[in-house]
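Q: Everything below, folded, please.
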Amino acid sequence: MSKFTKIDIGRAVSLQPIQKTVKVPSGMPVSTIIYDLGIRGYKAGVALAAATGNAKARRWLEGRRNWRAGLEQHLSGAAGPIVWVHAASLGEFEQGRPVLEAIRQQYPHCRILLTFFSPSGYEVRKDYPGADYVCYLPLDTAGNAQDFIRIVKPALAIFIKYEFWYHMLTRLHREKVPVLLVSGIFRPGQPFFKPYGGMFRKLLQQFSYIFVQNRESVALLEQIGIRHTALAGDTRFDRVWALQEEERTLPGIGEFISNRRALIAGSTWETDESLLAAWWKKQHSEELCLIIAPHETDAAHISKLQGLFPEAIKYTEWITTTHGQPGRVLLIDNVGMLSVLYRYAAVTYVGGGFGKDGIHNILEPATYGKPVLFGPVFHKYPEATALIAAGGGISIHDLGTFTTQMERLLQNESNRLQTGVNAKNYVAENKGATGKILQYIQEKRFLTRL
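A: Predicted coordinates:
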């Protein structure tokens, strides 16, 4: 299954009955029954969350209404094989984007369907020009999977990182559609490696090929008899390397920074922001400025940030006003800028490292040759451990360690520059996964013109 969208529906699920009577088809495995009950429970929880005002839950439901008609309207009758690419959310899309765009370039006769599980991915990329149609993945029921595959008729399906939807994968396998998992990463605590994980191990067998990020994943899969794997690496390295080669700029950012050094903090949460605020109160140098691109950009959160940083100006106000003397703190109050924004930094900070889910994308700032600081929760992310070992990443634990590291980087130019060089070299040494995946697709002739 996918990593669920981050909405608080756990209590909602327990409050709403799933269904008074559940009809169980004869011979259906118990694990499948439990899975289906979980899917129904999840939908019930989302529905209750939407009814009580959760905007993300409401978008999740509304985006899936009339999905069959949408697919038939956009895909039926047009010529060319369909490549279906599925990502849980925005981060996974960016991870799989190099593969999608390589297929688009190599096989221009193909059509590309891009699906998302989460509104945070769909809302940002619903107009992505690299796909012929972008939509939500319907809820993973047997009936939905049957109709989805019947309408789409994919020549190839590509799932990104950790997408393991039981009915979709089972239907694809039954219809003999080749399915690839790209940038997969596996850990001992996952269900595949537990005594009760037989159903999920079977799903892994149904993939045509599994491209993983690290050797540990290969070894884990071999222990459970999964050998149709390849160590390709992480396609995000290819994506972020392409970013720094594009040399894109952002309106107003260079003017705001002017000749100062900027700390750019991206994908921050409240704990990150409180730490930054405590540090910033002690910074009085006019040669330093702070730009924050929070993970949540709604008006309520931006208002909280303005309370922490009273001198701050919102980006949307900055670019629409007559620019006078630049302020010292800029708040990015929209989405889609961060991957380019890091280009302007002297030092970067990536948020999420004080939460249970861990850090956000540290490769984006690293590719520009910037020192990357982040919190202590990063051990699920092998790139973080590797970036630290390479000398380009720094984990901080509290205000004291953050202050110490910032002083080391800002007061010693050679330290800052060398840390940035180390970060960029780490990205350069690990790109190339996309080429390996595309080579496999070419060798298997999945998308040869009919």
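
Q: is it true that residue 167 lies in a helix?
A: Yes: assessed by DSSP: H, G, I helix; E, B strand; the rest coil, residue 167 belongs to a helix.

Q: check contacts around it.
A: The neighbours of residue 167, taking Cβ atoms under 8 Å, 6 or more residues apart in numbering as the test, are 140, 141, 142, 144, 145. Yep, even glycine has a C-beta here, placed from its N, CA and C like the rest.

Q: Now do the same contact list for the last one.
A: Listed by Cβ under 8 Å, 6+ apart, the contact set of residue 145 reads 165, 167, 168, 170, 171.

Q: One more: the third one?
A: The neighbourhood of residue 142, defined by Cβ under 8 Å, 6+ apart, consists of 36, 167, 171.

Q: Swap in 7 Å and give it another go.
A: residue 167 (Cβ atoms under 7 Å, 6 or more residues apart in numbering).

Q: Residue 29 and residue 203, how far apart?
A: Distance of residue 29 to residue 203, computed by Cβ to Cβ, to the nearest Å: 13 Å.

Q: what's the average pLDDT for the host helix or strand of residue 417?
A: Element membership for residue 417, per DSSP states H and E: helix 413-430. Throughout helix 413-430, pLDDT has a mean value of 97.

Q: centre of the chain versus it, how much separation?
A: 24 Å (Cα atoms, centre = their mean, to the nearest Å).

Q: Pull out the buried residues from that helix.
A: The neighbour-count check on helix 413-430 (16 or more other Cβ atoms under 10 Å) flags 416, 419, 420, 422, 423, 424, 426, 427, 430 as buried.

Q: Next: stretch 314-324.
A: Within stretch 314-324, judged by 16+ other Cβ under 10 Å, the buried ones are 314, 315, 318.

Q: Contact partners for the residue nearest to residue 76 when sequence neighbours are not counted?
A: Excluding its sequence neighbours, the residue lying closest to residue 76 (Cβ to Cβ, 6 or more residues apart in numbering) is residue 151, at 7.1 Å. Contact partners of residue 151, counting by Cβ under 7 Å, 6+ apart, are 68, 71, 72, 75.

Q: Make a markdown table from the buried residues of stretch 314-324 and add distance to residue 327 to it.
A: As requested, the buried residues of stretch 314-324 are arranged in a markdown table below (distance: Cβ to Cβ, whole Å):
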| residue | distance to residue 327 |
| --- | --- |
| 314 | 10 |
| 315 | 11 |
| 318 | 8 |
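
Q: Next step: those residues restricted to helices.
A: Per DSSP state H, helices hold the following members of the buried residues of stretch 314-324: 315, 318.

Q: Could you single out the nearest of the contacts of residue 151 to residue 307?
A: Nearest to residue 307, judged by Cβ to Cβ, of those is residue 71 at 45.1 Å.

Q: Quick one: end-to-end length of stretch 182-193, please.
A: Start-to-end span of stretch 182-193 (Cα to Cα, to the nearest Å) is 19 Å.

Q: nope, stretch 50-64 is what I was after
A: 13 Å.

Q: tell me the domain boundaries of this structure?
A: 63-233+433-444, 248-429 (automatic domain parsing).

Q: what's in contact with the helix holding residue 417?
A: 233-234, 237, 240-241, 346-347, 363, 366-367, 369-372, 386-387, 390-393, 408-410.

Q: Same question for stretch 265-275.
A: By Cβ under 7 Å, 6+ apart, the list of residues contacting stretch 265-275 reads 276, 292-295, 305, 308, 338, 341-342, 348-352, 354-355, 360, 375, 399, 402.

Q: ok, residue 363 - how many residues close by?
A: Counted by other Cβ atoms under 10 Å, the residues lying close to residue 363 total 26.

Q: top of the contacts of residue 145 by neighbour count?
A: residue 168 leads the contacts of residue 145 on contacts (other Cβ under 10 Å) with 27 neighbours.

Q: ok, the nearest residue to that one once chain neighbours are set aside to residue 167 distance?
A: Nearest residue to residue 168, sequence neighbours excluded (Cβ to Cβ, 6+ apart): residue 145, at 4.8 Å. To residue 167, residue 145 is 4 Å away according to Cβ to Cβ.

Q: mind listing the strands for the stretch 1-150 of the chain?
A: 82-87, 111-116, 133-136 (DSSP state E, counting those that start in this stretch).

Q: nope, the stretch 151-300 of the chain is what I meant
A: Under DSSP E, counting those that start in this stretch, the stretch 151-300 of the chain gives strands at 156-160, 179-184, 209-212, 229-231, 261-268, 288-294.

Q: List the neighbouring strands of the fourth one plus their orientation.
A: For strand 229-231, sheet partners with direction are given as strand 209-212 (parallel), following DSSP bridges.

Q: Appreciated, that's everything.
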